[in-house]
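# My questions are about this predicted structure, shown below with the sequence.
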Amino acid sequence: MTGILEGIRVLDLSRMLSGPYCTMLLADHGAEVIKIEDRTGDTSRQNGPFRDDDPNHDWAGYFVSLNRSKKSVQLDLKTEAGKTAFRALAATADVVVENFRPGVMERLGLSYESLAELNPRLVYAAIRGFGDPRSGTSPYQNWPAYDVVAQAMGGLVALTGPNAETPTKVGPGIGDVFAGSLMAFAILAALREAEATGRGQFVDIAMYDAMVSLCERAIYQHDFDGTVPGPEGNGHPLLAPFGIFPAKDGHVALGIVDDAFWVKLATAMGRAELGSDPRYVTRAARRANSAEVNALVSDWTGARTKADLADSLGGLVPFGPVNTVADIAADPHVAARGMIAKVAHAEPGLRPWRIAGNPVKFSAHPVPEYQPPERIGQSNGEFMGAAAPPALDARALRNAFGAFATGVTVLTTRQADGAPRGFTANSFTSVSLDPPLLLVCLAKTAHSCATFMEADHFAVNVLAEHQKAVSGLFAGRTLDKFDQCAWTPGTQDVPLIDGALSQFACARERLVDAGDHIVLIGRVIDFATSDGDPLGYFRGNYFSIGLEDRLVSAVAATGATRIGAVLNNDGRLLLCEGPDGALSVPVARGPKPSLDTLRAGLVADGLSPEVEFLYAVYEDRETGTTGIFYHGQVSGDAPKGMVYLPLDTLPWNRVASVAERSMLERYAGEFRHGSFGIYQGNEITGKVRHVTAS
């Protein structure tokens, strides 16, 4: 099962609760979280509680709950070897998370800035008690802080408890958990920008700030009416009945906000008249008489069990019993939603651990099965040797990326059962040399899209001009494609098409949703090139860039060369018009004509040309010159001396050159059929080199 965050690598330096909770949320949904620990490991490994089947106290519940599905690498960051290994890992990572005090990573020589030099895409996330100086220097920045400190200073303790004389902290570590939850959101937001721009950033959350945000009601109350809100016990300062009410066997919660709910509650209580009583009929009236309202409701609930109240009020008004953890474990809602999950014990034969499940649900990506936490350094073998991937020859890779125009490619991979899969794509793009990344687009409707999204490795095979049949084969959905072509298993066993001009074996880096396509970004881990010309594809036609090169090269050295273009604007041709009405194809100006000077001249006239492919090489026997003509598109108003004329009513008798007239007549026919060739000859005889698939 693939998590929605698969492909994201997170280096987790955090300890205790805030950072580990953040990275737990990411790991639960498929991110590869590598927990970096020193010799003694995360402090929470020793915090307990421990089960009776763990006499050596290896697996604390605190640690198991927060560090499931993470991998452990042991590094001593105080040593040069440890720092070097961490930097190598950071070069491959998307995210670093830490919750040290300010300055710790700087003193180790592992600051965000230094890591960003190695990996500009890196998102560096820091959770601190009072934030990082990069976002604003706090007078408390060097104070150590745990959850209770954040709750106290952020206002939560002052709002909690039975009265002002008994301030009460919230039971769960909300100062840590809320800060960690916010950081998980912040990381994904920063990753989204990094994917779009290639630049990561430093992300800073202070636990104090998180608590101020959590207590937002107190902030606006103080501003609006000058009050200093304090503990309200189990009630609410603005609403009634709203809060915790007694039951025979415990307590229940009621949240009556809308007046309609008050009417329903009064009726269920057997006091329907209270629903229309002027003292209680509106929200404002109930607030003014909150003591009376709460007493009426408490008298009624206190005489009934939680089960009786659930029968009367469940689904009628906002209601719920106050559950203990034993109640939660027995609740059918919790079972249906998978909110108490099992994690296989790290020691074979011992019963699984039970932990709180992840509350975030995605329809297309159910939460993958939770994996047990690892012993300290258990994944050293996996990552310490592979943290720095083998360096590719940057110059050779640059040459491989730039040795050909983008052409037809076949993407290949293996599905889960090892069977080779592949399909034709008409382009791919190199993204970066450091790290070496390329991307391809997968249509979501493509038969193999899901396979490529789940595959860890794939290959891009750039086809040579003689491989049109291979392209056609992989454009279909036949199941025996690989039986009908020659291929070889390559790096990571990905299938490589024999005879391809270039082959790039890639590890999947990430997936990006792009509307009706998925952008698949791969990190190149191996590549090979061979001599030849690529197979191109444009508007339903295959073409050979090599043929164009040979034709142009053959005539360029002869001198007396005219270079022009047949340019289309929605079925109209752009032509030069002389004072006598004679028409001709636009050509490059100056003593040394070239395609570049042709484009420059058109742009200087206020036009926007897209000169695409070679169209004809003419020997004009009348003038003794050779014409090289391209074809493409053009936009912009026709400048002085030029006109747009509809192709289907072109006045052929006004085209002065016989060679150009012959070329344009052929173009008109090909335009109607949407299939173009390359002509070589003279104005009377010649050969059209059709390179379309048929």
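Received, thanks.

# R572 versus the residue lying closest to R279 once chain neighbours are set aside, what's the distance?
What sits nearest to R279 in space, not counting adjacent residues and going by C-beta to C-beta, 6 or more residues apart in numbering, is N289, at 5.1 Å. In this view, the C-beta of every residue, glycine as well, is placed from N, C-alpha and C. Separation of N289 from R572 (C-beta to C-beta, to the nearest Å) stands at 80 Å.

# Determine which residue lies closest to the centroid of the protein.
V512 (4.5 Å; C-alpha atoms, centre = their mean).

# What residues are bridge-paired with the residue found closest to it once you drop the neighbours it is linked to in the chain?
Using C-beta to C-beta, 6+ apart and skipping residues adjacent in sequence, the residue nearest V512 is V519, 4.1 Å away. Bridge pairing for V519 (DSSP bridges) gives the partners C441, V512.

# Below-threshold pLDDT in the chain: ranges please.
Residue ranges of the chain with pLDDT under 70: 1, 385-392, 394-395, 398-407, 426-427, 536-560, 612-613, 619-624, 672-694.

# Okay, strands next: where are they in the stretch 351-500 of the chain?
353-356, 409-414, 420-425, 429-433, 436-443, 457-462, 487-489, 495-497 (DSSP state E, counting those that start in this stretch).

# Determine which of those approaches L115 most closely.
With respect to L115, and counting by C-beta to C-beta, the nearest of those is strand 429-433 at 17.3 Å.

# Help me confirm that R199 comes into contact with P120.
Yes: if you go by C-beta atoms under 8 Å, R199 and P120 touch, sitting 5.7 Å apart.

# so the nearest residue to A588 once chain neighbours are set aside is in which element?
Setting aside the residues directly before and after it, A588 is nearest to L598 in space (C-beta to C-beta, 6+ apart), at 3.8 Å. Using DSSP states H and E, L598 falls within helix 595-604.

# cool, and C576?
Applying DSSP H and E, one finds C576 within strand 572-577.

# Just list what that strand packs against, helices and strands only.
Judged by 3 or more C-beta pairs under 8 Å, 6 or more residues apart in numbering; DSSP states H and E, the packing partners of strand 572-577 are strand 561-569, strand 583-584, strand 642-646.

# If we use 10 Å, what do you get?
strand 561-569, strand 583-584, strand 625-635, strand 642-646, helix 658-673 (3 or more C-beta pairs under 10 Å, 6 or more residues apart in numbering; DSSP states H and E).

# of all these, which lies closest to L602?
Going by C-beta to C-beta, the one of the helices and strands packed on strand 572-577 nearest L602 is strand 625-635, 7.1 Å.

# elements contacting that closest one?
Checking 3+ C-beta pairs under 10 Å, 6+ apart, strand 625-635 ends up next to helix 545-556, strand 561-569, strand 572-577, helix 595-604, strand 608-620, helix 658-673, strand 677-682.

# try 6 Å
strand 561-569, strand 608-620 (3 or more C-beta pairs under 6 Å, 6 or more residues apart in numbering; DSSP states H and E).

# Need the ones you listed in CSV (columns: distance to T166 and mean neighbour count).
Listed next are those as CSV, based on distance: least, C-beta to C-beta, whole Å; neighbours: other C-beta atoms under 10 Å:
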stretch, distance to T166, mean neighbour count
strand 561-569, 81, 22
strand 608-620, 75, 19
